[in-house]
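Visitor: From the sequence below, what's the structure:
(chains A and B)
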Amino acid sequence: MVSLSQTSLPTWAHTPQVEPVDPTGRVHTLVGVTGDGAEGDSPTGTAVREVVAGWQAASGSATLHVHLCADVAAGIAALEADLVSARVGHRVLVAGTADACLAVRAAAVRAGLADDELRFGVVAADVRTVWCVHCSATTAAAVGLDEDLTCSGCARTLVVYPHVSRRTGHHLGFMVDAEDQPWEVPA
Amino acid sequence: MTITHPPTATDGATISAPDLVAGFPFPFPNEIYRYSTNVEPARGAVPTPAGQWGTAVVDVDSEYGAELAERAAILERDPSRSAVLPHMDVAAWDAMLCLMRELALSRPESFGLELLDPTGPGGARPSYRWRNDLLAIDHVFTLGDATSLPAPPLAWIAGQVQEDIVLLDQRDGVLHGDAGVVTFAADWSFGFDVGMTFLEIHGPVPRIHAEGVITRAHEFLLNLQPNETYRRTNWTLTIGRRLDVSTELYPEWGPDREMVQTLDDDAFGRLVHLRTEVQHLIRLPESGAVMFLIRSYMLPFADLARVEPWRARAAHVIAELPEDMADYKGIAKYRHRAAAWLREFPHH
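Guide: Model prediction:
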């Protein structure tokens, strides 16, 4: 059995938890991905706002840039706008579902942020975005590690591997029954 | 291409070209196999019952033309096998020069790197002449000037060595796999792993964490000094002479693990290959990146078994391997047949 602590999965990507504010940070960008739609607050949104409020209260005299965003794309846009003027001592805190946090982390990593400049507050970890290694399509679904799902691109049954890309935030999925396919003896 | 090698202990015709048997890096120095850091200084010759291996960091054999053609075809189909993150440009040039020097060292009659002008035409950068007679390349370039090369530096040199290449960038005391060209992966996806740390890349491998192998290897790499070069080996079994057993293509090669169990002894011995990876680790001097080279050698059982000490040792190691390790290597379904095949050879 592979121990999850030694995989590419951050702990918060499988077990919701809120990491504390880094007291050495002088400027904090707080991104909350609420998932709220037009019909108003969702349970996720309420939990995310609580996490962000907790971080604000724990930030002392640091300068704060707070962004409550409805979806991942808006969260990444807000983060990238803040990073244009970022200097040493800038920290980024992201609150949301594990899936949203992985996606925003990927944007932060692509922008050159290091692990010790990032903190996460995860309110739920049931949905994963799975990248099919065979056809490159992604499929988002409520699926656990080592469970199966159907690829939205090639319709293969994929097993969700406990392996997460830093640069996309996607889980690796590969064909679960590849060895059960028909075969021919080579000539 | 003409290649001379010491005479081999085998007699009669083998499936593989004679140099592939004579130069095969047999990966079992001990009666049993367990994961270990097993790192040693590079370039030491290792005599084997069939010949020897190990003097070259970048090795050229009679498969050179075929393997580079295969690499080009794979990259054409799937460009994600090659990646260079933006901050890895200096490391890519560093890697290219290092590989050119190693090729020239390995086969001076076929490769040559000549420093033309230490300060170069613009006054700041050296210029070189690179000669690769096997591919009819004779080219002058200026270090760091991408317009002086026919392709980006890492892609260009990857088309001239049989090794897969991964470049690890060291930041904050951690190594990150931030560039590479990997077309012959043994059940992993380079494209997915780009940007991961060394520890994350190895996350899925059982046992190595509990046994501290990967953290020790990581510590070792972090302390590698400029130009220091080490090597280690790894191994698995591969069905058919299939270099590209990447996770991407698992739907294509996965069924072979069932198919192989149905074969008669003759076909089994021709199709099942012992696959040895010789991995070299080099600290590049300019960028400080660690270059990780993975060269995959394959020898069909039919050829392996003709070298008696190899036959006996491989039979024992493969039979004794703990089940979780056999499972991770993907050989659990047929390794007992493989061990029995070797034990009972010859079959007539």
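
Visitor: all strands for the chain, in order.
Guide: I'll assume chain A. Taking DSSP state E, the strands of chain A run over residues A:27-33, A:63-69, A:90-96, A:118-122, A:127-132, A:138-142, A:148-150, A:157-164, A:171-175.

Visitor: Chain B was what I was after
Guide: With DSSP E as the criterion, chain B has strands at B:40-41, B:46-48, B:51-53, B:82-84, B:111-117, B:127-132, B:137-142, B:164-171, B:174-181, B:229-239, B:272-283, B:290-300.

Visitor: Indicate which one of those is closest to residue A:120.
Guide: When the strands of chain B are compared by Cβ to Cβ, strand B:174-181 sits nearest residue A:120, at 18.4 Å. All C-beta spots, glycine's among them, are computed from the backbone N, C-alpha and C.

Visitor: could you check the angle strand B:290-300 makes with the closest one?
Guide: 60 degrees (axes from the mean of the first three to the mean of the last three Cα atoms, to 10 degrees).

Visitor: Would you map the helices across the chain?
Guide: By default, I'm working from chain A. Using DSSP state H, the helices of chain A run over A:43-57, A:72-83, A:98-110.

Visitor: My question was about chain B, not that one.
Guide: Remark: helices assigned in chain B by DSSP H are B:18-22, B:64-77, B:89-106, B:153-158, B:190-193, B:198-201, B:213-222, B:250-253, B:256-259, B:265-271, B:301-304, B:308-320, B:323-328, B:335-344.

Visitor: Residues of chain B that sit close to chain A?
Guide: B:80, B:87, B:171-172, B:189, B:192-197, B:199-201, B:203-206, B:209-210, B:240, B:247-248, B:250-251, B:254-259, B:262-263, B:267, B:271, B:333 (Cβ under 8 Å from any Cβ of the partner chain).

Visitor: Select only the buried ones of those in PyMOL?
Guide: Selection command for PyMOL covering only the buried members of the residues of chain B next to chain A, criterion 16 or more other Cβ atoms under 10 Å in any protein chain shown:
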select buried, chain B and resi 80+189+192+193+194+195+196+197+199+200+201+203+204+205+206+209+240+247+248+250+251+254+255+256+257+259+263+271
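
Visitor: Including mean neighbour count, could the strands of chain A go into JSON lines?
Guide: Below are those laid out as JSON lines (neighbours: other Cβ atoms under 10 Å in any protein chain shown):
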{"stretch": "strand A:27-33", "mean neighbour count": "25"}
{"stretch": "strand A:63-69", "mean neighbour count": "17"}
{"stretch": "strand A:90-96", "mean neighbour count": "26"}
{"stretch": "strand A:118-122", "mean neighbour count": "23"}
{"stretch": "strand A:127-132", "mean neighbour count": "22"}
{"stretch": "strand A:138-142", "mean neighbour count": "15"}
{"stretch": "strand A:148-150", "mean neighbour count": "16"}
{"stretch": "strand A:157-164", "mean neighbour count": "22"}
{"stretch": "strand A:171-175", "mean neighbour count": "25"}
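
Visitor: quick one, what contacts residue A:157?
Guide: Contact analysis of residue A:157 by Cβ atoms under 8 Å, 6 or more residues apart in numbering or on different chains lists A:148, A:149, A:150, A:151, A:175, A:176, A:177.

Visitor: how close does the residue of chain A found nearest chain B sit to residue B:272?
Guide: Proximity to chain B, evaluated over chain A using Cβ to the nearest Cβ, is greatest for residue A:178 at 3.2 Å. Going from residue A:178 to residue B:272 by Cβ to Cβ, to the nearest Å gives 19 Å.

Visitor: Compare these two and say which is more crowded by neighbours.
Guide: Taking other Cβ atoms under 10 Å in any protein chain shown, residue A:178 and residue B:272 do not tie; residue B:272 has more neighbours (26 against 19).

Visitor: Contacts only, for residue 162.
Guide: No chain in the question, so chain A it is. By Cβ under 8 Å, 6+ apart, the contact list for residue A:162 reads A:2, A:4, A:7, A:8, A:9, A:14, A:145, A:146, A:171, B:203, B:204.

Visitor: wrong one, chain B
Guide: Counted by Cβ under 8 Å, 6+ apart, residue B:162 has contacts B:59, B:60, B:61, B:63, B:64, B:67, B:68, B:295.

Visitor: Check it and give its pLDDT.
Guide: The score at residue B:162 is 98. That number is its pLDDT.

Visitor: now swap in residue A:152 and tell me
Guide: If you check residue A:152, the pLDDT there is 98.

Visitor: Please apply the same query to the one 4 residues further on.
Guide: The confidence metric pLDDT takes the value 98 at residue A:156.

Visitor: How about residue A:2?
Guide: pLDDT recorded at residue A:2 is 50.
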